[in-house]
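S.K.: The amino acid sequence is not available; the structure is as follows:
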C-alpha cells in the first residue's frame, strides 16, 4: 500500500465551503480524480483509494465533443492541456483481406473536438490533484457501514476510517456498488459483444493511422496513435453469447481472444495472435451497460461508469467529468448536506447520462456487424458521412447527446483551497500509455472502464 500526500506548503486563499467534509473516493482512473479535483478545491478533505499499485496505464483513446464537455474542461483549466497531449490521429481505413481500401475514415469523423489516451488523462488529473488529495494505492474498501456520525469504512490493508461521504468512482465493475447496492448481476446488461485490446509491434509501419478488417461478427484492428515507429495497438471486437470466465485470469482471456481471431482471412491476424500470446497488458471485457434506478444510498453515491457505465461507445469519459462537476456544484449549493445535494445531482444528471449511455447500444453491431449485408450497410454509411457535404450533419449528430444538458454555472473554485503539510513523496505516474484503440461507431467514443 502506498500513501501519497503533497510536498508543497504554499497556501492559496480560496473558497472553502466544504471544509467540514471528509470524503472517501474509490477509484483513481478518471471520475475519481475528477471529483477529488473539485471537492478538494472547495476545502473538503479527500482521500482516493485505488486497488491497483499505481495509476493504471493504457486504455482506449477517449474523446470530448460539444459545448458541455468543452465548458467543464475549460472550467477545470485543462482544455488547452488536453490539446497539447492529444493523439493527433489521422485516417482510419477499413480494408479487405488483400489490403485494398473499402472505406477511408477522415480524422474529423472519429476524434471529436479533442482526443487523448485514457491513461494520459488519468495522469493529468492525478498531477493536478496529488498536492491537495491523499492517494492510497494498493488497497480497496472491504466494508461500508453507515452510522449516525458518518460512514465507517474498513479496508483490505489499511486502518479503518470514519468519513462523511463515500463516492464510488470505481468503474463498470464497481466494488463500491456491490457492497452498497448489491451484486453486479442486478445492474449489468450484456449487449452481445466482447472487446479486447493489447500492444503489438508496428510491423505495418503505421503513423497515426489504423487498419480495420471485418468479417461477420468479428473485427480486427491495428492502429498507431502517437507516431511510435516500433509500437502499435491491436483491438478485437466479436459477437458472442455471454461467456463465463475468470476476470483475473489473463491466460484464459487470451485463449478466448485467440480463438476468435482464428480463421480470419486478414494476413496480419497471425502477428496479432503472436503479440496476444506475449502481451502483459491485455484488456478484455464484455460490451455492456450499467442500469441502476438510484445513484445514492444514504451517504454513498455512485459516479461515472459505476452508475451509468458503458464499456465503449457511451461517451463515458466526458459524462464522468461533467458528472463530477455537477456533483461538486450541488454539494456546494447545499452547503455539504448530502441528502439535498445527492437528490439534486440525480435530478440534474440522470437523463443526460442515460442519453449518452444510450448511444453505446450500437457499438458492437456497428464495429462488427453480424452479416455481410450489414457490413456493406455500415461501409456505405461511413462513406456518406465522410463526404464534405455531410460533415456538418455528422458533427451535430455526434454532439447531440454530449450537449444535451443545461449546465449550471456553479460557484466553484478551480484553484487549490489549501495545501497540506509535507508528507511522503508522491507515487510516480507512469510514462507509457498502451495504444489499443478502436474506431468509434457513428456518434460515440471508445471506452475503457
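M.R.: Ah, there it is. Keep in mind the model is a prediction, meaning the values are calculated, not measured.
S.K.: Do I have it right that residue 257 meets residue 236?
M.R.: Yes. With contact defined as CB atoms under 8 Å, residue 257 and residue 236 form a contacting pair (5.6 Å). For glycine as for every other residue, the C-beta is placed from the backbone atoms N, C-alpha and C.
S.K.: any shared contact partners between these two?
M.R.: In terms of CB atoms under 8 Å, 6 or more residues apart in numbering, residue 257 and residue 236 are both contacted by the residues residue 196.
S.K.: Mind checking the pLDDT average for stretch 59-79?
M.R.: Stretch 59-79 shows an average pLDDT of 93 in the prediction.
S.K.: Ignore what I typed, I meant stretch 396-416.
M.R.: 89.
S.K.: Please state the offset of it from the chain centre?
M.R.: On the basis of CA atoms, centre = their mean, to the nearest Å, stretch 396-416 sits 17 Å off its chain's mean C-alpha point.
S.K.: Which positions in the helix or strand containing residue 271 come out as buried?
M.R.: Applying DSSP states H and E as the criterion places residue 271 in helix 269-278. The neighbour-count check on helix 269-278 (16 or more other CB atoms under 10 Å) flags 269, 271-273, 275-276 as buried.
S.K.: Residue 163: which of those residues is nearest?
M.R.: Of all these, residue 163 sits closest to residue 276, with 41.9 Å by CB to CB.
S.K.: Show me where the stretch 51-200 of the chain has its helices.
M.R.: Remark: helices assigned in the stretch 51-200 of the chain by DSSP state H, counting those that start in this stretch are 66-76, 79-84, 107-110, 118-129, 175-181.
S.K.: Using TSV, lay out those helices together with mean neighbour count.
M.R.: Formatted as TSV, the helices of the stretch 51-200 of the chain follow (neighbours: other CB atoms under 10 Å):
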stretch	mean neighbour count
helix 66-76	20
helix 79-84	14
helix 107-110	18
helix 118-129	23
helix 175-181	22
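S.K.: Please tabulate those helices in TSV, including the columns distance to residue 326.
M.R.: Output for the helices of the stretch 51-200 of the chain, formatted as TSV (distance: least, CB to CB, whole Å):
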stretch	distance to residue 326
helix 66-76	9
helix 79-84	18
helix 107-110	28
helix 118-129	17
helix 175-181	19
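S.K.: nearest to residue 245, of these?
M.R.: With distances scored as CB to CB, the stretch of those nearest to residue 245 is helix 175-181 (18.4 Å).
S.K.: Would you mind measuring from residue 155 to residue 44?
M.R.: Residue 155 sits at a distance of 20 Å from residue 44 (criterion: CB to CB, to the nearest Å).
S.K.: Neighbour count for the two, which is higher?
M.R.: residue 44 (27 against 17; other CB atoms under 10 Å).
S.K.: How confident is the prediction for that one, by pLDDT?
M.R.: pLDDT, residue 44: 97.
S.K.: Relative to residue 327, how far out is it?
M.R.: In terms of CB to CB, residue 44 sits 12 Å off from residue 327.
S.K.: related to what we said a few turns ago, neighbour count: residue 257 and residue 236, which is higher?
M.R.: residue 236 (27 against 23).
S.K.: so who does that one touch?
M.R.: Here residue 236 is in contact with 195-197, 218-221, 257, 260-261, 272 (CB under 8 Å, 6+ apart).
S.K.: what's the pLDDT at it?
M.R.: 97.
S.K.: for the residue nearest to residue 149 when sequence neighbours are not counted, which residues make a bridge with it?
M.R.: Counting by CB to CB, 6 or more residues apart in numbering, residue 149 lies nearest to residue 162, which is 6.6 Å off, once chain neighbours are set aside. Beta-bridge partners for residue 162, by DSSP bridges, are residue 152.
S.K.: So in the chain, which strand runs the longest?
M.R.: strand 188-201 (DSSP state E).
S.K.: Flag every buried residue along that one.
M.R.: Going by neighbour count (16+ other CB under 10 Å), the buried part of strand 188-201 is 188, 191-200.
S.K.: Report the buried residues of stretch 380-393.
M.R.: Using 16+ other CB under 10 Å as the test for burial, stretch 380-393 gives 382, 385-386.
S.K.: Looking at those residues, which one is closest to residue 39?
M.R.: residue 385 (40.1 Å).
S.K.: And the closest one, how close does it get to residue 37?
M.R.: Applying CB to CB, the value for residue 385 to residue 37 is 35 Å.
S.K.: do the same with residue 214
M.R.: According to CB to CB, residue 214 and residue 37 sit 39 Å apart.
S.K.: Could you list every helix and strand in contact with the longest strand of the chain?
M.R.: Counting by 3 or more CB pairs under 8 Å, 6 or more residues apart in numbering; DSSP states H and E, the packing neighbours recorded for strand 188-201 are strand 231-239, helix 250-261, helix 269-278, strand 283-290, helix 363-367.
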